[in-house]
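Asks: let me see the structure of the following:
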Amino acid sequence: ENTPENYGDKIELIEGETYYIEAVHVHRDSIASNTTNFLQISFLQSNTFLTEKDLTLASSEKQGFWVQETRVLEKQKITFEGISGAELTLTHNGIPSQSPVYSDDFSDWAENVDTMFQWQCTKSQNRFKLVNDMEDPDYKFDGQGGQYWSYGINSEPFCGKTVLSKPYGLLRLSGNWDQPGLEISSEAKFFCFAHKGTAFYNGIDIYVQYQTTHWQTWRSWVNVPVEGLGESKDEWTYQCIDMEEAFLNNKASWITHWYREGSPVQLLHLNMAHDTNTRKDGFLDELSFGSKENTIERIAPAFASSTGRMEEVIVNSTSADSVEIEFNPYTCQTEEETFSLMGVVGGTIDEMTTAATGADLMQEQIAFLKSNDKATFSVGGGKVIVERLSKESPKMEGTFSLTLEGKTVTAEPYIEWYNLQDIFENEFGLMGVEMGDHHWDTCYKFSRSWTYAYIGGDQPEIELDYSNVINYGEADSVRGDAWTSRDGGVKIIQPGGDFFRQPAEGSDPQVTVWVNGFLCLCAGGADCSFSYDSSLTPTILGVTDTLVDGSIELTITGTGFTTDASDFTIDVGGRNCEATVATSSSVTCTLENGPAGDFDITLWVQSRGQASGSVTFTLSLTVDSFSPSSGSVGGGTTLTILGTGFPNTMDEWESNEVAVGGSSCTITETSYTEVKCVTPKESTSRRRKRALADLTVTVNGQTVSASGQYNYDASSTPTITTLDPVTATPMGGDTLTIIGTTFGYESPFNTV
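Replies: Alright, predicted model coming up:
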């Protein structure tokens, strides 16, 4: 097949030597769609100076590398003592949340905490004709271009989590009844936006519709200069433009001559020119069209650095009075920037002794929460205990090295793409390489790729050494690789005819015979052609099944069968089905046991070839019974489940499951009709003496439930009442007597 994963090794062709290519290709004229010969042979010439810039049939080599670690996420637990239904304001790094949370309701904690770690903005008004804060990935103005970025170098948003990168068009309206323009003298008088980056130039271009002194409707482009646009590389600017005034002050003189003073003006298009140079950023945020000028007040994220970006905050309620918070940031943080403990506004920290007040007290609390793993806040007669369960691992440090044709260079992790471009040009001498900007990289994985845009042909693959990369996440978790996704070269799609031996066009397929590698000749006028007859080809039309002595028997109907059962080979989704009885229109076979699922049937009649037609057999999953019906709330009970359609091997259970009460039951033995598993512990947060749980089995997308329920019974659960003795020497050797109940309970996990 002409696919990269099936390419063979490259063959070097030496000038002056003779080479031949022979391709065996079956082209069936009996298939109506086969009106042309689809066989095509081409060469990829690796030794060339031509690139995609020179020739459409050329391909430019693309290479890259990646380095990744398994990081540790920050996880904290907050516990309430003596507080019920309290309204609390959380803090981090001294920055408070903008809305309170409640100690007895954790439903909005994740949204509340997540909002703390983004730029929070308050607008002076909320009535706009059009507004886009970039936070909805599925929403854009009509005609709006560019890409939404939630991460990437220097793409810190003005508000929220997302920015718009380098849009040329921001608005495109037809001006017809179904898509009228915006009235810039009233409802869309002010266009407000935040901008950052040096890619923008030449202000904005607006396409407006207006009336002339002859009461005609004209449309014209007007360029509007925007002060400061494209001048700041790192700092955001938020400004509003009076669109009516901008039109009146910047319209061409010929428009002034014909424009009817006071007539309505509608905005149809708005474009913002930008430089395509990838080293120049151009970001927009908080776009709006409204009747009044808008202002925005910003509150920085609760990160130690305002450039931090949060991917997700996960909040799990562990009990009625405690909650765990896990922080998953996009951005890579240094040791000094890692998370502090969460704080509580108005609370005093019991572990601190200080005489400070006011701002000085706040700074001391911030420092304490940064350097400690537990803080107890006294709040309203109760306690709020904040504990660090796991500390966020800082970003990778150290160096990695790249080696190309004997030359080695070193760099630090997260090196910006343009700095790596400089290394390739200045150290490796590769002036025709274009480096890609992987703005989607995260703090636990960085990658770089490049294209030999102006250097033709196959290139040696770069070597990566990441042994000097230092990670602070899971031990020995750093990994990486260099890769080539596309070889450089030129495709020669029409080799000369002297490379091939080809039968005459329109002739029947030929029977060919080789002896010791030499092709035999059809001599003496012998006819070596062969013809295909579709009427001799078997077909399959349908399938039915029945259970006989514990095995599935299939009856497959069709045409063109033989009556010899040994003449059939039947495959059902990779399983053998042994033919037992055959007629000219049906064959019965016994299916090899296996898990339930939907399986395509492939049938060969050995004397007539593979059957045409598409038939799918569905093997249903059933659960007939299970035992025992009850067991310990701590789990550990071995269940025996009887039914059909279970996987035959333990490996086949990898993507399938038996669940009790929604939790996985650990498989220990399996066969097509019987499976054994060890129950999980009872999953409810408040255990009861008796609790019923559904038993479900899922195999290959099918899920069935047992007719009865499994009973978690506290009376079957072992308990310990006394220990004697309760102390012993460090040397050990003393006899420990344990007294309790239900010690005779059998489980494969029994240990002391």
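Asks: use CA for all of it now, contacts and neighbours both
Replies: Noted.
Asks: ok, F626 - contacts?
Replies: L639, T640, I641, L642, A706 (C-alpha atoms under 8 Å, 6 or more residues apart in numbering).
Asks: try it again with 6 Å
Replies: Contact partners of F626, counting by C-alpha atoms under 6 Å, 6 or more residues apart in numbering, are T640, I641.
Asks: report the secondary structure state of it.
Replies: strand (DSSP: H, G, I helix; E, B strand; the rest coil).
Asks: just N419 next, same as before
Replies: Quick answer, by three-state DSSP: N419 is helix.
Asks: now the helices for the protein?
Replies: In the chain, the helices defined using DSSP state H lie at 109-116, 243-250, 253-258, 358-371, 417-426.
Asks: how distant is the last one from the center of its chain?
Replies: Which is helix 417-426. Taking C-alpha atoms, centre = their mean, to the nearest Å, one finds the center of helix 417-426 at 29 Å from the center of the full chain.
Asks: count of neighbours near M650?
Replies: By other C-alpha atoms under 10 Å, 12 other residues sit near M650.
Asks: find the nearest non-adjacent residue to it, please.
Replies: Of all residues not flanking M650 in the chain, T670 sits nearest, at 6.7 Å (C-alpha to C-alpha, 6 or more residues apart in numbering).
Asks: per-residue pLDDT, that neighbour?
Replies: Per-residue confidence (pLDDT) for T670: 93.
Asks: quick one on the thing from earlier: now the helices of the chain as TSV including distance to E652?
Replies: Listed next are these as TSV, based on distance: least, C-alpha to C-alpha, whole Å:
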stretch	distance to E652
helix 109-116	37
helix 243-250	66
helix 253-258	76
helix 358-371	48
helix 417-426	44
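Asks: of these, which is nearest F400?
Replies: When those are compared by C-alpha to C-alpha, helix 417-426 sits nearest F400, at 12.2 Å.
Asks: what's the closest one in contact with?
Replies: Contacts of helix 417-426 (C-alpha under 6 Å, 6+ apart): L430, M431, M435, D437.
Asks: quick one on the thing from earlier: let me know which of the helices of the chain is tucked in deepest.
Replies: Highest mean neighbour count of these: helix 109-116, a mean of 20 (counted as mean count of other C-alpha atoms under 10 Å).
Asks: packing partners of it?
Replies: strand 310-319 (3 or more C-alpha pairs under 6 Å, 6 or more residues apart in numbering; DSSP states H and E).
Asks: tell me the angle the strand it packs on makes with helix 109-116.
Replies: Put simply, strand 310-319 runs at 150 degrees to helix 109-116, going by axes from the mean of the first three to the mean of the last three C-alpha atoms, to 10 degrees.
Asks: possible to save the helices of the chain as JSON lines with mean pLDDT and distance to A58?
Replies: Listed next are the helices of the chain as JSON lines, based on pLDDT from 0 to 100; distance: least, C-alpha to C-alpha, whole Å:
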{"stretch": "helix 109-116", "mean pLDDT": "92", "distance to A58": "48"}
{"stretch": "helix 243-250", "mean pLDDT": "96", "distance to A58": "48"}
{"stretch": "helix 253-258", "mean pLDDT": "94", "distance to A58": "50"}
{"stretch": "helix 358-371", "mean pLDDT": "92", "distance to A58": "57"}
{"stretch": "helix 417-426", "mean pLDDT": "93", "distance to A58": "23"}
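Asks: and of the ones you listed, who's closest to M731?
Replies: helix 358-371 (38.0 Å).
Asks: ok, the contacts of helix 417-426 vs N328, which is closest?
Replies: D437 (22.8 Å).
Asks: out of the helices of the chain, which is closest to Y210?
Replies: Closest approach to Y210 among the helices of the chain is made by helix 253-258 (9.6 Å; C-alpha to C-alpha).
Asks: what's that closest one in contact with?
Replies: Helix 253-258 has contacts (C-alpha under 6 Å, 6+ apart) with T212, T213.
Asks: export it as CSV, just CAs?
Replies: The C-alpha coordinates for helix 253-258 follow below in CSV (Å, rounded to 0.1, in the frame of the first residue of the first chain):
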residue,chain,number,x,y,z
SER,A,253,-12.5,64.2,0.3
TRP,A,254,-14.6,62.8,-2.5
ILE,A,255,-16.8,61.1,0.1
THR,A,256,-17.1,64.4,2.0
HIS,A,257,-18.2,66.0,-1.3
TRP,A,258,-21.1,63.5,-1.9
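Asks: re earlier: what subset of the contacts of helix 417-426 is buried?
Replies: Buried members of those, scored by 16 or more other C-alpha atoms under 10 Å, are L430, M435, D437.
Asks: just the contacts of helix 417-426: which are in strands?
Replies: Cross-referencing those against strands under DSSP state E gives M435.
Asks: looking at the contacts of helix 417-426, which is nearest G488?
Replies: Using C-alpha to C-alpha, L430 comes nearest to G488 of the contacts of helix 417-426, at 14.9 Å.
Asks: where does the closest one land on pLDDT?
Replies: 93.
Asks: residues contacting it?
Replies: Applying C-alpha under 6 Å, 6+ apart, we find L430 in contact with F424.
Asks: show me which residues of stretch 455-472 are buried.
Replies: Of all the residues in stretch 455-472, those buried under the rule 16+ other C-alpha under 10 Å are 455-459, 461-466, 469-472.
Asks: what about those residues, which are in strands?
Replies: In strands, defined here by DSSP E, the members of the buried residues of stretch 455-472 are E463, L464, D465, V469, I470.
Asks: and those residues, which two are furthest apart?
Replies: Maximum pairwise distance among those (C-alpha to C-alpha): 18.9 Å, between E463 and I470.
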